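1. Sequence plus predicted model, see below.
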Number of protein chains: 2
Amino acid sequence: MNQETPVDAPVDTAEGGGRRGRGAGAGAAARRAARSGGGPGKSLTFITRKIREYEVLDEEGLALIEANADTVLEEVGIEFRDDAEALQLWREAGADVKGERVHFPKGLPRSLLKTAPSIYTQHARNPERSVQIGGKATVFAPVYGPPFVRDLEGNRRYATIEDFNNFVKLAYMAPSIHHSGGTVCEPVDVPVNKRHLDMVYAHIKYSDKPFMGSVTAPERAEDTIAMCKLVFGEDYLDQNTVLTSLINANSPMVFDETMVGALKVYARNNQACIVTPFILAGAMSPVTVAGTLTQVLAEVLAGASFTQLIRPGAPVIFGTFASSISMQSGAPTFGTPEPSLVSYGAAQLARRLGLPFRTGGSLCASKVSDAQAAYESANTLNSTLLAGTNFVLHSAGWLEGGLVSSYEKFMMDIDQLGMAQKFAEGVDLSENGQAMDAIRQVGPGSHYLGCDHTQANFQTAFYRSNIADNNSYEQWLAEGEKRADQRGNELARRWLESYEAPYLDPAIDESLKEFIAKKKASMPDAFT
Amino acid sequence: MNQETPVDAPVDTAEGGGRRGRGAGAGAAARRAARSGGGPGKSLTFITRKIREYEVLDEEGLALIEANADTVLEEVGIEFRDDAEALQLWREAGADVKGERVHFPKGLPRSLLKTAPSIYTQHARNPERSVQIGGKATVFAPVYGPPFVRDLEGNRRYATIEDFNNFVKLAYMAPSIHHSGGTVCEPVDVPVNKRHLDMVYAHIKYSDKPFMGSVTAPERAEDTIAMCKLVFGEDYLDQNTVLTSLINANSPMVFDETMVGALKVYARNNQACIVTPFILAGAMSPVTVAGTLTQVLAEVLAGASFTQLIRPGAPVIFGTFASSISMQSGAPTFGTPEPSLVSYGAAQLARRLGLPFRTGGSLCASKVSDAQAAYESANTLNSTLLAGTNFVLHSAGWLEGGLVSSYEKFMMDIDQLGMAQKFAEGVDLSENGQAMDAIRQVGPGSHYLGCDHTQANFQTAFYRSNIADNNSYEQWLAEGEKRADQRGNELARRWLESYEAPYLDPAIDESLKEFIAKKKASMPDAFT
């Protein structure tokens, strides 16, 4: 691996570049926070974990899975479909290509990945929002992909561009969300061939956090790059990563032309790809954890190393989307033990490979924001954090196996993300943390409520939830017996009412609008 | 520590003794399971964790907290109130006693604890239900203490003996509950001075899993012992542990006469105590994690080592009940980052001390079984499991900060406990687990649903939830749009309808009833 960047080097958030934004977003956020007491508060920087990673495999187990993955790559091979260039590149790199099936000599993908960075910075248009991806950093991004929303009136309906904008706004306001994400929902009211333009624009206009590019067609990836050049400048973009985009494998063991096409566009432009086997174990991979890990590693090795054939040094993330299926109905299940084991194991494999790692989020199969949704999301998020995941997609708003983006679930989830961030600070062992003065001052049989140490640490001692109701039963009754999802609903309404856009240079804004108008005018409307 | 018992030795569940039950309970359970397809299924044995423990403190941090705890024990001291015998025993052991305050020379409590076992077996009247406590074993026990219930009609009301019996029955039926617990709710319809008799009887009559004794007065502890002698035989009880009971410290740094009185009864009879500082951090301990850990360790060292003054070799558990308070309202909060850090750290301190460890459960502050309840419970349970906790009280049914035992929450929680048990099996690296044949057979672009390996592993591959709804939205809609708590409610009703008591020798049953009748006749009714 390219270890030139020290593994835990902080991101230089003061670093400027090209025609990037002026950092006025932070000022606006501070003004807003000062005005509104019930507001979201100041955005947190990405997490720098001071806690260790949890591991489920020992050296022997890891070596076994790595050897098995090498065997799969060599004997079974991976298909790169409908892409002559990809096959030609693999042939030149020394792979044995039969039809569309690529067989990899042992060690080839690992050898290619030596040029991929272990850590990279994804720059935001507001430098204060730039994030480190890799090492001890963890970055939370919102839900990705749902065609439906559960709206604030409780209806389940197709998502619109207004919903899309709303989720971008909420993610911008959420202190514990570090990244604006990508397809926070599918705006199905916009033609499918034009949708990406409005989505990328929304991320730039309504947020100043880093975001993801379109991957549904190579030309849409090109449009994303073109729009980012308008924001960041052409030279800046070639030398710096401003996009991290999602490239899913068609598991088992296939990459299709759409995904490979988008990957090539981003890698060529020095932009990051997350190469993710999208696994419903039992359907797209074996029913066992070790078998799934083997296939995941093989697929990632093939797809991630391919980015280095396109442009050595282009950032690439080891992605894993782990779910099981219900063996009764075939439906995907979340928050169960097996996907957690897969996540922990895959994180270990990624660290050994020296690549940043993506898994998990706040995943659930529930149709509503009930206890099932919360148990499953919490189980997933706990394993995501302790695995040492670097990039967490779907960390807020995901419902119904990813078919639905939910406003109230989004608000509940970001509260949990705040808790995860606090947990990642670990145990404070400073003199103040040790609190020996407090113990001496209070002594047996008294209480700590008013002691000096408690007073001095009052504000920061404990995580404060804005969703949990910790009041007495009587008070809760008097306030209308609200459930957590209702409180999430009310909070989402309040936030959206108080939203203010971050500063965007009007000249950049105009150039983006012009680009979009020209592009849209050149295409017919397509809805499939 | 007494290491005569090998740390991970399996419990000899075939071991018999005294007038113990005939193991007919297991037969009844098997018959019941065979009859009812929708029934609870066969009880699982206690968990033997094949996974590692998660740790939040390094050697330096642990040594620092241990040194600070020693300082607290020596300089500040711990009070043993209204118990001349306790003070006399401490004086004889070499402590410096001033009034009721005991100051401990450095190393004294640790030295006394050398006779306490690292692992013990708590025997159940059905030997198949005996549990190992300590080492790699984890035992789940239900909620303890609530005066209220949320009943199956949704009412929040005072608990009754009928509720008590119901929770014992549900815990008996629950495959993932290994222990019948103690005060699963307070049967407030029974006079407070007679209540313990009915509670102990219920655990013996309606379950054959191990249970806890009364601690609300020394004479009630004596009654518990007397009843156990009727079940297990006098000699057997003196040589074997059949009770594990809960002794809370009055934090900060006080043990009162009630708790010390009950502790003395149990330790003298070779029965196990869980010495637990009951901590709402910020009120009963400093607002910091390290400060809380220091006080917890000091209190446990004092209370646990006291058991060894009573009877060297009596089993004792290092207990920790960790919660924070809301700094706005003073209310306890659960499932937040700080208590998780306390649990992880305390587990490490217990392992270094060589004592079995208790913390956590499925704790929450929520008034109803909503998303808040589930997020908080899952966060607590995840840290409880990964900390390597040996005895888990409150693992099912806890609501509203422990004021309420909830039927539907109980059913939802035991589903999560089943997942925890599956997770604790870790990754299967056998040839079947590796699934290389499956990967070879399926190949790129196909699916695993029908392959030989999937067929062969169909039944056991993935955890099956009986609470989660993983069906399509349309099917869920057609089935009445039920939330998880409603499904929990329905499941509790079905289970209670199909409950069958385990076999109990009629002669033992008679002797218990006789004992209770005589005791009750000797006392006036007291309701405070």
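-> Yep, it's here.
2. Only C-alpha atoms, please: export stretch A:378-398 in PDB.
-> Only the C-alpha atoms of stretch A:378-398 are listed here, as PDB (Å, rounded to 0.1, in the frame of the first residue of the first chain):
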ATOM      1  CA  ALA A 378     -28.700  -0.400  16.500                       C
ATOM      2  CA  ASN A 379     -27.300  -3.900  16.100                       C
ATOM      3  CA  THR A 380     -26.000  -2.900  12.600                       C
ATOM      4  CA  LEU A 381     -24.600   0.500  13.800                       C
ATOM      5  CA  ASN A 382     -22.900  -1.000  16.800                       C
ATOM      6  CA  SER A 383     -21.000  -3.500  14.700                       C
ATOM      7  CA  THR A 384     -20.300  -0.900  12.100                       C
ATOM      8  CA  LEU A 385     -18.600   1.400  14.600                       C
ATOM      9  CA  LEU A 386     -16.700  -1.300  16.500                       C
ATOM     10  CA  ALA A 387     -15.500  -2.900  13.300                       C
ATOM     11  CA  GLY A 388     -13.600   0.300  12.600                       C
ATOM     12  CA  THR A 389     -15.600   1.200   9.500                       C
ATOM     13  CA  ASN A 390     -14.300   4.300   7.700                       C
ATOM     14  CA  PHE A 391     -17.200   5.200   5.400                       C
ATOM     15  CA  VAL A 392     -20.700   4.400   6.600                       C
ATOM     16  CA  LEU A 393     -23.500   4.700   4.000                       C
ATOM     17  CA  HIS A 394     -27.100   4.400   5.100                       C
ATOM     18  CA  SER A 395     -26.300   5.700   8.500                       C
ATOM     19  CA  ALA A 396     -29.600   7.600   8.800                       C
ATOM     20  CA  GLY A 397     -33.100   7.300   7.300                       C
ATOM     21  CA  TRP A 398     -33.100   3.700   6.000                       C
END
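3. Spell out which parts of the stretch 101-250 of chain A neighbour chain B.
-> Proximity of the stretch 101-250 of chain A to chain B (C-beta under 8 Å from any C-beta of the partner chain) is limited to residues A:101, A:156, A:250. Just so you know, the C-beta spots here come from the backbone N, C-alpha and C atoms, and that holds for glycine as well.
4. Identify, from these, the entry nearest to residue A:459.
-> residue A:156 (40.2 Å; C-beta to C-beta).
5. Quick one: neighbours of the closest residue to residue A:238 other than its chain neighbours, just the number.
-> Nearest non-adjacent residue to residue A:238, counting by C-beta to C-beta, 6 or more residues apart in numbering or on different chains: residue A:270, 5.9 Å away. Residue A:270: 18 surrounding residues under other C-beta atoms under 10 Å in any protein chain shown.
6. ok, residue A:270 - contacts?
-> Applying C-beta atoms under 8 Å, 6 or more residues apart in numbering or on different chains, one finds that residue A:270 lies in contact with A:237-241, A:311, A:313-315.
7. What's the first helix or strand after the one helix or strand residue A:201 maps to?
-> Assigned by DSSP states H and E, residue A:201 falls within helix A:195-206. The first helix or strand that comes after helix A:195-206 along the chain, using DSSP H and E, is helix A:218-232.
8. Find the nearest non-adjacent residue to the residue in the stretch 201-350 of chain A that chain B sits nearest to, please.
-> Residue nearest to chain B within the stretch 201-350 of chain A (C-beta to the nearest C-beta): residue A:291, separated by 2.8 Å. Once flanking residues are discounted, residue A:291 sits nearest to residue B:435: 2.8 Å by C-beta to C-beta, 6+ apart.
9. Residue A:293 is in contact with the one you found, correct?
-> No: Residue B:435 is beyond contact range of residue A:293, at 9.9 Å (criterion: C-beta atoms under 8 Å).
10. Among those two, which residue is more densely surrounded?
-> residue A:293 (37 against 30).
11. for the more buried one, what are its contacts?
-> A:65, A:342, A:345-346, A:349, B:427.
12. Out of these, which is nearest to residue A:364?
-> residue A:342 (16.6 Å).
13. Now the phi/psi pair for the closest one, please.
-> phi -60, psi -40 (degrees, to the nearest 10).
14. now the one 4 residues further on
-> Summarising the backbone geometry of residue A:346 under the convention degrees, to the nearest 10, its torsions are phi -60, psi -40.
15. Residue A:258 is in contact with residue A:214, isn't it?
-> No: at 10.9 Å, residue A:258 does not count as touching residue A:214 under the criterion of C-beta under 8 Å.
16. In chain A, where is pLDDT below threshold?
-> Applying pLDDT under 70 to chain A picks out residues A:1-39.
17. just checking, next helix/strand downstream of the lengthiest strand in it?
-> In chain A, taking DSSP state E as the definition, the longest strand is strand A:272-281. For strand A:272-281, the succeeding helix or strand toward the C-terminus, using DSSP H and E, is helix A:289-310.
18. who's in contact with the residue of the stretch 401-528 of chain A found nearest chain B?
-> Of all residues in the stretch 401-528 of chain A, residue A:435 sits closest to chain B, at 2.8 Å by C-beta to the nearest C-beta. Neighbour list for residue A:435: A:453, B:286-288, B:290-291, B:294 [criterion: C-beta under 8 Å, 6+ apart].
19. same deal with residue A:515?
-> With contacts taken as C-beta under 8 Å, 6+ apart, residue A:515 has the following neighbours: A:197, A:226-227, A:230.
20. Tell me, how many residues neighbour the closest residue to residue A:275 other than its chain neighbours?
-> Distances taken as C-beta to C-beta, 6+ apart place residue A:303 nearest to residue A:275, at 3.8 Å, with adjacent residues excluded. The tally of other residues near residue A:303 (other C-beta under 10 Å) stands at 27.
21. Brilliant, that's me finished.
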